[in-house]
Each structure stands twice: as structure tokens, then as C-alpha cells.
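Asker: Using only what follows, build the 3D model:
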Amino acid sequence: MDLARTEPRTLISMLLATFFGAGFSPKAPGTVGTLAALPLYLALRRLSLPLYLAFAAKLFLAGAVASAEMERIWGRDPSRVVIDEVVGLLVALVSRPGRITEILVGTALFRFFDILKPPPVGILDKRLKGGIGVMADDVAAGLLAAAALALVRRKGWLA
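Answerer: Coordinates of the predicted model:
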């Protein structure tokens, strides 16, 4: 891909889809993208829940558009696209924990469900196509991680 001749829309899509280059990591781009999202989470966690959810929803939609554009160039669900991990992490941490142990456990739970792909994560991954398909399975993994983190917190396992 010749960046000098690339349309601005495609460059913007690439920046967003790779979360400003995190997706270009030669090893574990999904994990690198998730870790790169932590500063964004820390900046957003003090928002009210409605504003936090609105931001995540808008990022989901922008990520779906950017992912679809990058699929056109790089093929189906390319590993360089990590905006789905960013949104998935925001969903996993929707309770907006402040303690580092809870943030790290939520992050680990998200990666666990994203990699393992239990139902419905794996089903969404296989059935949905395009940008929505790229994003949806990570949102599902984030929802499972959020539920697991709520259970861990409720049981007091992080005390």
C-alpha cells in the first residue's frame, strides 16, 4: 500500500482501525491493541455512564466503518484491525472500575473470552460479515468479561 497515493478516507480508516498503529504489532496485535486502549479507558472512566456508553457506541460505529474499509484492502477480519479490541475493552470495563487490580482482571477476562470465543462470541465471529462482524464478536466478549468481572467483584475475590 502506497501511503502517499492513498485517499485521506482510507488513511483515516487505517489509523482508527489499527488504533493509531497498535495493530501493526508483529506479535499479538489484539493484545497490544487491548493494552493500547487502557489509557483511553482511564480518560473515559470518570464520565457518567450515559456519556461513557455513548462514546463506546460512537466508537463502535466508526470502528465498523473503518473495519469495513480495511477489509476491502486487507481481506476478511485482518489481525491488524484492533479497534474491535478497543471497543470490547470499553464494554468489559463498563462498570468503570478504578482499582488497578479490577482493571487488570477485566482486561484479562476480556482477552480470555476474545481468544477462546465461547458462544455467542464464536457464533457472531462466524456468522456476521463486514465491519459489524469485525466489531460484534469483541463486544460480545466484552459483555461476557463485564459479567465475569461483576461476579468476581460481588464474590469479593479481589479483596
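
Asker: all contacts plus neighbour counts: C-alpha atoms, from now on.
Answerer: Noted.

Asker: which SS state does residue 46 fall under?
Answerer: coil (DSSP: H, G, I helix; E, B strand; the rest coil).

Asker: what's the neighbour count on the spatially closest residue to it that is not a sequence neighbour?
Answerer: Spatially, and ignoring its direct neighbours in sequence, residue 46 is nearest to residue 96 (7.6 Å; CA to CA, 6 or more residues apart in numbering). Number of residues near residue 96 (other CA atoms under 10 Å) recorded here: 21.

Asker: Quick check: residue 96 vs residue 114, distance?
Answerer: Distance of residue 96 to residue 114, computed by CA to CA, to the nearest Å: 19 Å.

Asker: mind listing what the closest residue to residue 22 other than its chain neighbours touches?
Answerer: Leaving aside its chain neighbours, residue 22 sits nearest to residue 33 (5.3 Å; criterion: CA to CA, 6+ apart). Applying CA atoms under 8 Å, 6 or more residues apart in numbering to residue 33 gives the contacts 18-19, 22-23, 82-83, 85-86.

Asker: you'd agree residue 15 is up against residue 22?
Answerer: No. Counting by CA atoms under 8 Å, residue 15 stays clear of residue 22, with 9.2 Å between them.

Asker: Show me which of these two is the more surrounded one.
Answerer: More neighbours surround residue 22 than the other of residue 15 and residue 22, with 24 against 17 (other CA under 10 Å).

Asker: Isn't the more buried one up against residue 29?
Answerer: Yes. Using CA under 8 Å, residue 22 is in contact with residue 29, at 6.8 Å.

Asker: Give me the common contacts of these two.
Answerer: Both residue 22 and residue 29 are in contact with 80, 82, where contact means CA under 8 Å, 6+ apart.

Asker: that older thread, and the residue nearest to residue 22, how far from residue 139?
Answerer: Distance of residue 33 to residue 139, computed by CA to CA: 14 Å.

Asker: what does the worst-scoring helix or strand of the chain on mean pLDDT contact?
Answerer: When the helices and strands of the chain are scored by mean pLDDT, DSSP states H and E, helix 121-127 comes last with a mean of 91. Contact with helix 121-127 is made by 113-114, 133-134, 136-138, 140-141, as judged by CA under 8 Å, 6+ apart.

Asker: for the chain, which residue is closest to the average position?
Answerer: Nearest to the geometric centre of the chain sits residue 85, at 2.1 Å (CA atoms, centre = their mean).
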